[in-house]
Structure formats: C-alpha cells, structure tokens
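[1] Quick one, what's the 3D model for this:
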Amino acid sequence: MSSLILSRVEETGVVAIIRGVDEAKIDPLVQALYDGGIRLVEVTLNTAGALTAISSLLEKYGEVVSIGAGTVLNQEQALQAKVHGAQFFVTPNVDKDVIRIGVESNIPVMSGALTPTEINTAYEAGATFVKVFPAGLFGAQYIREIRGPLSHIPLMAVGGVNLENARTFFDAGAVALGLGSSLTDKVALEHGAYDVIAKKARAFVDLYRGARTR
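    Numbering: from 1, shown residues only. You can find the predicted model right below:
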C-alpha cells in the first residue's frame, strides 16, 4: 500500500481534504475530484459519518483513488480507521502512537508538524510524509528554510494553500499540497456545481505537473 500512496503523491501532488461535508454529497464530490485528476482523498474523522464514508468510498473508488482518514488524533481513532480500510492516516500533530500503528500496519502516515524539532521527530518515528501545518500562515519561504537542514524529509504544505500561492510551495520544495476549502468549494457544493470542483482539481494537478517539469 505504501508504494501506491507514494506513486499517487508523485503523480498528482495533491491530497484533497473532505471536512464537514454532508454525507449525501461526499460520493459525488469524490467523483468530481477524480474527474479532475486527483487520486488521494482524506475524509477527516470530525466529519459526520466519516468511517462509514471511508468504507463506502473504498468500495466504489478504491481501485482508482486512495482513501485515507484525516484528523486522526490518537491510537483509538487510528485503529478504527484501520478497521474501516483507511489507506493512509493524516494527523494535525505529531502523535507517535498513530505513527507506530501506521508503520506496523504498512499504512502511510502524513503527520502534522510545524517546528524543525516536530518535523524531525515525526519523520524519525516513521511518518511517510510530514505535513507542515499551517503552511499558509508561515508562507513558502518557511518550507524553503526548513528544507535547508532537513532536505531528506518529504514535506507537504497544508493549511492556507490556494491556487494563488500553490506554485510557490512547490517551488520551495513541497512534494505535495493538502487542499481543503480552496478545492472543495462550499458554494459549489451547495449548488451541486461539481464541474466547478473538477475544474479546480484539474488546475491544481496541472500546476503541480508544470512545477515538476520547469
């Protein structure tokens, strides 16, 4: 499973974050994200019906989209997510128990961290990627500076990333972006404008591929 997640991160550079979305809209939302070229989706565990949604999405999209559990805060949640088939874990902070369960289960972990100490601690504990959060608050230059001494650690930029600043994070060395509201547009969701979401998804994926080939 780890190799599949790694290849999909390398292919698209985007992890879509589904948080607080009405259960009935999650399926068509994932279809729109897939249509836009996204191949990794996390459903945060503080979304109503998250575990059931993860299982259902895996049944329908598991062959073409990797479905993960986001906002995994502790060991109990990690184990529940594992039982429901989550293909990767995403955390907002460094939790060594969650990382340990991921390592033992061959489930990649995208561990949240901010400071150099937290970033190195998460990676040394076994995190596959370290999610620099909230990246938008500190800007792309922060990623660039962190990569000076910690260039061996694959960093994701999450929080406050949008189409206007996404390229700067890629140019600074981020291997991927985690995208929530800037991608899963609430207004578009309310109006069922899934084509708008698919178009945004495609724009982010194309931007990533353009950054890789510059």
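
[2] in the protein, which spans are strands?
    Assigned by DSSP state E, the strands in the chain fall at 14-18, 40-44, 66-70, 89-90, 109-113, 129-132, 155-158, 176-179.

[3] so how far is Gly37 from Leu207?
    Counting by CB to CB, to the nearest Å, the gap from Leu207 to Gly37 is 11 Å. Quick note: C-beta positions are derived from backbone N, CA and C, even for glycine.

[4] now Ala203
    Between Ala203 and Gly37 the computed distance is 10 Å (CB to CB).

[5] Same drill for those two, tell me which one is more crowded.
    Neighbours around Ala203 and Gly37, counted as other CB atoms under 10 Å, are more numerous at Gly37. The numbers are 18 against 15.

[6] And stretch 176-185, how far out from the chain middle?
    Taking CA atoms, centre = their mean, to the nearest Å, the mean C-alpha location of stretch 176-185 is offset from the chain mean by 9 Å.

[7] can you give me the end-to-end distance of that stretch?
    20 Å (CA to CA, to the nearest Å).

[8] ditto for stretch 43-58
    The straight-line separation of the ends of stretch 43-58 (CA to CA) is 12 Å.

[9] So for that stretch, what gets flagged as buried?
    Buried residues in stretch 43-58, counted by 16 or more other CB atoms under 10 Å: 43-45, 47, 50-51, 53-54, 56-58.

[10] In helices, which of those appear?
    The helices, defined by DSSP state H, take in 50-51, 53-54, 56-58 from the buried residues of stretch 43-58.

[11] just the strands of the chain: most buried one?
    strand 89-90 (a mean of 30; mean count of other CB atoms under 10 Å).

[12] tell me the mean pLDDT for it?
    Regarding strand 89-90, the rounded mean pLDDT is 98.

[13] likewise stretch 12-24?
    Across stretch 12-24, pLDDT averages out at 96.

[14] can you give me the offset of it from its chain's centre?
    That offset, for stretch 12-24, works out to 9 Å (CA atoms, centre = their mean).

[15] Endpoints of that stretch, how far apart?
    Distance between the two ends of stretch 12-24: 26 Å, counting by CA to CA.

[16] for stretch 123-131, same thing?
    In stretch 123-131, first residue to last residue: 10 Å (CA to CA).

[17] How far does that stretch sit from its chain's centre?
    For stretch 123-131, the distance to the chain centre is 14 Å (CA atoms, centre = their mean).

[18] Ok, stretch 172-181 next?
    With CA atoms, centre = their mean, you get 8 Å for stretch 172-181.

[19] Give the rounded mean pLDDT of that stretch.
    Averaging pLDDT along stretch 172-181 gives 97.
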